[in-house]
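**Q** Test case, fold it:
(one chain, ligands or ions: 2)
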Amino acid sequence: MPAEHRLILRNIDQPGYTTDLECYRRHGGYEALKRSLALGTVTGADGTSISAPEHLRQEVTRSGLRGRGGAGFSCGLKWSLVDRKSGKPIYLVCNADESEPGTFKDRQIIHKDPHQLLEGMILACYANDVHLAYIYIRGEFMEGARILNRALREARENGLLGRNILGSGYDLEIHVHRGAGAYICGEETGLLESLEGKRPYPRVKPPYYPAVLGLYLCPTIVNNVETLCAVKHVIELGGAEYAKLGTPNNTGTRIVCVSGHVQRPGYYEIEVGRVTLRELIMSPDLGGGLREGRKLKAIIPGGVSAKVFKAGEKVKLKGRNRDGTEAEVSVDVLDLPYDFTTLTAAGSMSGSGAIIVLDDSTDVVDTLANLSDFFAHESCGQCTPCREGALWMSKVLRRLTHGGGRRVDAEHLLHIADNIPGGRTICAFGEACSWPVQSFVGKFKDEFEARGAKDEAARTAGTPAPATDARLAASPDARPYDG
Ligand SMILES: Cc1cc2nc3c(=O)[nH]c(=O)nc-3n(C[C@H](O)[C@H](O)[C@H](O)COP(=O)(O)O)c2cc1C
Ligand code: SF4
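**A** Ligands and ions are numbered 1, 2, ... in the order given. As a prediction, this is how the structure comes out:
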C-alpha cells in the first residue's frame, strides 16, 4: 500500500500545475460543481424526490466526513444542525486561520490550489442555501489572501460566482477577510466576533452555537479549509465511495504535517486510520526517520494543544476478541493508527493533524516553557482560570529555565493545569493550554523535578545556575522563587 493517498493534494506540487483557473479546469476542476448545479430533483436514499442541495447534504452525511480543523466533528451532522426555519440568511465561513503551532496544510492548499477550495466552498454553500460566504484567513497570510482574491476574481469573470452561477439561477458571493493576528481568532466563535469587526472574544455556548446564532446572530456554518476541499471530493466520488477510504468512523483522507526532528518534515495526505504513527515518522516516503544517531523521546500528535506521548509509552485500548467479547490491548504509541478515535482513546488527539517529533536532544523543560509562553500570550483574557493560569504556568516554567526553580514546581504546575479545564472556561483554549503541561510534566516529572532540585542546590551553594535561554535572562519573571 502506498504510504500516501493523494486526493486533495493530487495536483499540488506536480510539475506545471499552477493556481490559474484554466489549469484547474484542465485537471477536471469545477466539473463536480457543474454536475451538481444541473441535477434538478434527485431520488433520495428512501426513494422520495429530494432537491439537489438536500442530495448533496445527504452525500456529505453518508461520507462520514469529519472536520479537519481540530475537533473532528461530523460535517454532515454540523450541517444538519443549521437552523433553516429562522427566515434569516445562512452564512458559511471558511476557517483559514491556521494558527495551531506545527500546522501548515491549509496554507499549502491556498497557495497552490485555491480553486479547489473555492469549488468546495461553492458546493457547500449551494448545499446549504448560502448566498454570502467568507474566507477568514490568518492575518499574516498576505500572499495567501492575494492568491485567493485573484482566484475569486477569475471565478467571477467566468460565471462561477456572482449572479446565476453557470446559468443555474443560484447566486453566491465570497469575500476574503484577513484575520486579526491572534491564535484565538481560529476558535470559531472568536472568529465570528472578529469577522463582525470586534475583538475575537469567544462566545458562550449555549446559546451562541454558530449553526443557530452565528455571524450577525444568523445561522452559520464554520468549516476548515481542508474540510471544504474534502466536500468537493465527496461530491465527486459520491458519499458511499468516499467512505470506503480510511476506516469506519474515520473516513477519507487527511493531510498531516510532520515536523521536528525527522529527516523529511512536510505535509502528507494519508487515508485516515490506515497509517500508524511509526510509519508517519519512520517511513522513507513520509517523515523519513529520525536524525542520524538520535533516539525518539516524545511525539506531540495533533498540534501543540494535544497531550504528548512519551517514546515507549504503552496505552490501553478497547478491542474485540474473535468471538465478539470485549478485550483490552496494550499498544505502543508508535503503533497507534493515526485517526480521530484511536488517538482520543489513547488519551490525546489528532487535532489539527500536526505531528511534532522530539528526539533525545530535546530538553522537555525548555520545550514546555516555550509552549506555555505561547499560550500565556494568546489567552484572550475573558476567563480567570485561563488568563491567570496560563500566565502563571509560563512564569513557573520561566523560573525553571532561568535558574530559579524548585523541586516542587513540577507538582505546582500540575496543580495549576488541573484547575483550568473541565468546564471552567468559555472556550476550549482552557484545555489547550493545560493539556501540554499536564502531559509533559506528568510523563517527564523526573526531568522537571531534577531541574528544580539542581537550582535549589545551586542556590544553597551560592552558585545559581545560569539561564538556559540567554534571550530571556534579563526577564523580571526569571527571579528565584521568593514565596
Ligand atoms: C483555540 C482554538 C483555536 C482554533 N484554531 C483553528 C484554526 O486555526 N483553524 C481551524 O480550522 N480550526 C480552528 N479551531 C477549531 C474551530 O473552532 C472549529 O472547530 C473549526 O474551524 C470547525 O471546522 P471543521 O468542523 O471543518 O473542523 C480552533 C479551536 C480553538 C479552541
Ligand atoms: S478559555 Fe481562555 S481563550 Fe477561551 S474565552 Fe476563556 S480566556 Fe479566552
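**Q** Find the nearest non-adjacent residue to the residue of the stretch 1-150 of the chain found nearest ligand 2, please.
**A** Ranked by CB to the nearest ligand atom, the top residue of the stretch 1-150 of the chain for proximity to ligand 2 is residue 99, at 12.5 Å. (Each C-beta comes from the backbone N, C-alpha and C, glycine too.) Distances taken as CB to CB, 6 or more residues apart in numbering place residue 183 nearest to residue 99, at 4.6 Å, with adjacent residues excluded.
**Q** Around ligand 1, which positions in the stretch 1-150 of the chain sit nearby?
**A** Contact residues (CB under 6 Å from any ligand atom) of the stretch 1-150 of the chain with ligand 1: 67-71, 73, 78, 95, 97-100.
**Q** rewinding a little: which residues touch the residue of the stretch 1-150 of the chain closest to ligand 2?
**A** Residue 99 makes contacts with 138, 182-183, 185-186, as judged by CB atoms under 8 Å, 6 or more residues apart in numbering.
**Q** Buried residues, stretch 80-88. List them.
**A** 81-83, 88 (16 or more other CB atoms under 10 Å).
**Q** Check stretch 173-186 too.
**A** Within stretch 173-186, the residues that count as buried by 16+ other CB under 10 Å are 174, 176-180, 182-186.
**Q** Ok, stretch 146-157 next?
**A** So stretch 146-157, judged by 16+ other CB under 10 Å, has buried residues 147-148, 151-152, 154-155.
**Q** just stretch 421-435 next, same as before
**A** For stretch 421-435, by 16+ other CB under 10 Å, it's 421, 425-427, 429-435.
**Q** Where in this protein is the helix or strand with the lowest mean pLDDT?
**A** None of the helices or strands of the chain scores lower by mean pLDDT, DSSP states H and E than strand 41-43, at a mean of 85.
**Q** in its sheet, what does the helix or strand just after that strand sit against?
**A** Counting by DSSP states H and E, the element after strand 41-43 in chain order, helix or strand, is strand 49-51. Using DSSP bridges, the neighbouring strands of strand 49-51 in the sheet come out as strand 41-43 (antiparallel).
**Q** what comes into contact with the strand it pairs with?
**A** 49-52, 54-55.
**Q** Please repeat the previous calculation with a cut-off of 7 Å.
**A** 49-52, 55 (CB atoms under 7 Å, 6 or more residues apart in numbering).
**Q** Please apply the same query to stretch 24-31.
**A** Residues contacting stretch 24-31 (CB under 7 Å, 6+ apart): 11, 115, 119, 160.
**Q** hey, which helix is longest across the protein?
**A** helix 384-401 (DSSP state H).
**Q** could you check whether stretch 349-361 is close to ligand 1?
**A** No - contact of stretch 349-361 with ligand 1 (CB under 6 Å from any ligand atom) is absent, the minimum separation being 6.9 Å.
**Q** Report the separation between the two terminal residues of that stretch.
**A** 25 Å (CA to CA, to the nearest Å).
**Q** returning to that earlier point: for the helix or strand following the longest helix of the chain, buried residues please.
**A** Using DSSP H and E, the helix or strand that follows helix 384-401 in sequence is helix 409-418. Under the neighbour-count criterion of 16+ other CB under 10 Å, helix 409-418 has 409-410, 412-414, 416-417 buried.
**Q** What is the nearest of the residues you listed to residue 305?
**A** Among the buried residues of helix 409-418, residue 417 lies closest to residue 305 (CB to CB), at 12.4 Å.
**Q** Contacts only, for that closest one.
**A** 393, 434, 437-438.
**Q** now those residues as CSV including secondary structure, pLDDT and distance to ligand 2?
**A** Output for the contacts of residue 417, formatted as CSV (DSSP: H, G, I helix; E, B strand; the rest coil; pLDDT from 0 to 100; distance: CB to the nearest ligand atom, whole Å):
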residue, secondary structure, pLDDT, distance to ligand 2
393, helix, 98, 13
434, helix, 98, 10
437, helix, 98, 14
438, helix, 98, 16
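**Q** now, which of these sits nearest residue 228?
**A** The closest of the contacts of residue 417 to residue 228 turns out to be residue 434 (CB to CB; 30.2 Å).
**Q** picking that back up, would you list the buried residues of stretch 173-186 in JSON lines and tack on secondary structure and distance to ligand 2?
**A** Formatted as JSON lines, the buried residues of stretch 173-186 follow (DSSP: H, G, I helix; E, B strand; the rest coil; distance: CB to the nearest ligand atom, whole Å):
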{"residue": "174", "secondary structure": "strand", "distance to ligand 2": "28"}
{"residue": "176", "secondary structure": "strand", "distance to ligand 2": "25"}
{"residue": "177", "secondary structure": "strand", "distance to ligand 2": "21"}
{"residue": "178", "secondary structure": "strand", "distance to ligand 2": "21"}
{"residue": "179", "secondary structure": "coil", "distance to ligand 2": "15"}
{"residue": "180", "secondary structure": "coil", "distance to ligand 2": "14"}
{"residue": "182", "secondary structure": "coil", "distance to ligand 2": "10"}
{"residue": "183", "secondary structure": "helix", "distance to ligand 2": "9"}
{"residue": "184", "secondary structure": "helix", "distance to ligand 2": "5"}
{"residue": "185", "secondary structure": "helix", "distance to ligand 2": "11"}
{"residue": "186", "secondary structure": "helix", "distance to ligand 2": "11"}
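**Q** Pick out the lowest-pLDDT one from the residues you listed.
**A** Taking pLDDT as the measure, these have their low point at residue 180 (86).
**Q** Which helix or strand contains the closest residue to that residue other than its chain neighbours?
**A** Leaving aside its chain neighbours, residue 180 sits nearest to residue 194 (4.9 Å; criterion: CB to CB, 6+ apart). Counting by DSSP H and E, the element that carries residue 194 is helix 188-195.
**Q** Please list the residues outside that helix that contact it.
**A** 93, 95, 97, 134, 136, 177, 179-180, 184-185, 199-203, 205, 208, 210, 214-215, 220, 222, 380.
**Q** swap in stretch 252-267?
**A** Contacts of stretch 252-267 (CB under 7 Å, 6+ apart): 5, 7-9, 63, 65, 68, 102-105, 108, 226, 230, 242, 245-246, 268-272, 280-281, 286-291, 294, 338, 353-359.
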